[in-house]
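Participant: Provided below are the primary sequence and the corresponding predicted coordinates.
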Number of protein chains: 2
Amino acid sequence: MAQAIPETFLDLFQKQAFANLGTIMSDGSPQVTPVWVDYDGKYVRFNSALGRVKDGNVRRDPRVSLSILDPDNPYRYLAIRGRVVEITQKGADEHINRLSQKYLGQAEYPHRQPGEVRVLYKIEPEKVSSMG
Amino acid sequence: MAQAIPETFLDLFQKQAFANLGTIMSDGSPQVTPVWVDYDGKYVRFNSALGRVKDGNVRRDPRVSLSILDPDNPYRYLAIRGRVVEITQKGADEHINRLSQKYLGQAEYPHRQPGEVRVLYKIEPEKVSSMG
């Protein structure tokens, strides 16, 4: 079921391209929010904090969708549907710092709130469409 | 229930900012795809074609979500949840041409396919969050 990201689109994960993450609310309606992402060669990974809406959503229903536009050409994009297959606090602090480095050029994530518990989510892509 | 877009964020609809539209598939999972949008002062409007996946999705379940990032500052964005309250072919050809003018600077939409029937969708915003 797992599908790889096409090699010709892997550059999107090197750029500061946001993913628009779709999740399912408790009433079955969609939620879409921008997130930072990276790709470890198998999983698309994002990072959030315990208790956030999207954290609750993917714990309830792991099915997600991502739209990632090339910031240099919005007509070139990836649309990914898949499933959150792992939710972990292990490595989540290192991961948000890594994303901070990628997106902000800052080695330490600067927006951490007191008491916030970071969480790392791994998405297995099941259907990948590319355009452009 | 209807909520207005904050005036301080109306400029997003003047820019060539894409909306990432979340809809619900028949199996209840989310789909997110980039769309062109405008705002008529009450409804956020997008345009698609009869028979497309998102067309079927919103006819089945009108609940949608939109993430619209400022192309000049991705940390400034709108997240809108709402409902498709009107689906019509009336004015849809004029509307896609208007979006083409906005996004491509071309008065006539250049990507029309033979036999394609354009459809205009009006979203009533019910929950609007802004960031940045």
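Facilitator: Good, I have the coordinates. Not measured: the values here are computed from a predicted model.
Participant: what's near enough to touch A:L99?
Facilitator: Counting by Cβ atoms under 8 Å, 6 or more residues apart in numbering or on different chains, A:L99 touches A:36-38, A:47, A:109. Just so you know, the C-beta spots here come from the backbone N, C-alpha and C atoms, and that holds for glycine as well.
Participant: so when I look at A:H95, I'm seeing a helix, right?
Facilitator: Yes. Under DSSP: H, G, I helix; E, B strand; the rest coil, A:H95 sits within a helix.
Participant: Leaving out the residues flanking it, which one is nearest to it?
Facilitator: For A:H95, ignoring the flanking residues on the chain, the nearest one in space by Cβ to Cβ, 6 or more residues apart in numbering or on different chains is A:L120 at 4.8 Å.
Participant: give me phi/psi at A:G56?
Facilitator: Backbone torsions of A:G56, given as degrees, to the nearest 10, read phi -60, psi -40.
Participant: Could you tell me the per-residue confidence at it?
Facilitator: At A:G56, the model reports a pLDDT of 98.
Participant: now do A:V53
Facilitator: At A:V53, pLDDT is 96.
Participant: ok, now which ones touch the closest residue to it other than its chain neighbours?
Facilitator: With sequence-adjacent residues excluded and distances taken as Cβ to Cβ, 6+ apart, A:V53 is closest to A:Q31, at 6.5 Å. The contact partners of A:Q31, by Cβ under 8 Å, 6+ apart, come to A:22-25, A:53-54, A:57, B:22, B:65, B:79, B:81.
Participant: Look at A:Q31 and give its secondary structure.
Facilitator: Per three-state DSSP, A:Q31 ends up strand.
Participant: Show me what it is bridged to.
Facilitator: A:T23 (DSSP bridges).
Participant: Dump the C-alpha coordinates for the helix or strand containing A:L99 into PDB.
Facilitator: Assigned by DSSP states H and E, A:L99 belongs to helix A:92-104. Only the C-alpha atoms of helix A:92-104 are listed here, as PDB (Å, rounded to 0.1, in the frame of the first residue of the first chain):
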ATOM      1  CA  ALA A  92      10.100  15.000  18.800                       C
ATOM      2  CA  ASP A  93      12.200  17.700  20.300                       C
ATOM      3  CA  GLU A  94      15.100  17.000  18.000                       C
ATOM      4  CA  HIS A  95      12.700  16.900  15.100                       C
ATOM      5  CA  ILE A  96      11.100  20.300  15.700                       C
ATOM      6  CA  ASN A  97      14.600  21.800  16.000                       C
ATOM      7  CA  ARG A  98      15.500  20.200  12.700                       C
ATOM      8  CA  LEU A  99      12.400  21.700  11.100                       C
ATOM      9  CA  SER A 100      13.200  25.000  12.700                       C
ATOM     10  CA  GLN A 101      16.600  24.800  11.000                       C
ATOM     11  CA  LYS A 102      15.000  24.000   7.700                       C
ATOM     12  CA  TYR A 103      12.200  26.600   7.700                       C
ATOM     13  CA  LEU A 104      13.700  29.400   9.900                       C
END
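Participant: Can you name the next helix or strand after that helix?
Facilitator: Next element after helix A:92-104 (DSSP H and E): strand A:118-131.
Participant: List the buried residues in stretch A:72-85.
Facilitator: The neighbour-count check on stretch A:72-85 (16 or more other Cβ atoms under 10 Å in any protein chain shown) flags A:74, A:76-84 as buried.
Participant: before we move on, what about stretch A:9-29?
Facilitator: Applying 16+ other Cβ under 10 Å to stretch A:9-29 flags A:9, A:12-13, A:17-25, A:29 as buried.
Participant: Dump the residues you listed into a markdown table; add pLDDT and distance to B:E124 as well.
Facilitator: Below are those laid out as a markdown table (pLDDT from 0 to 100; distance: Cβ to Cβ, whole Å):
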| residue | pLDDT | distance to B:E124 |
| --- | --- | --- |
| A:F9 | 97 | 35 |
| A:L12 | 98 | 33 |
| A:F13 | 98 | 35 |
| A:A17 | 97 | 30 |
| A:F18 | 97 | 26 |
| A:A19 | 98 | 26 |
| A:N20 | 98 | 21 |
| A:L21 | 98 | 23 |
| A:G22 | 98 | 19 |
| A:T23 | 98 | 21 |
| A:I24 | 98 | 20 |
| A:M25 | 98 | 17 |
| A:S29 | 98 | 13 |
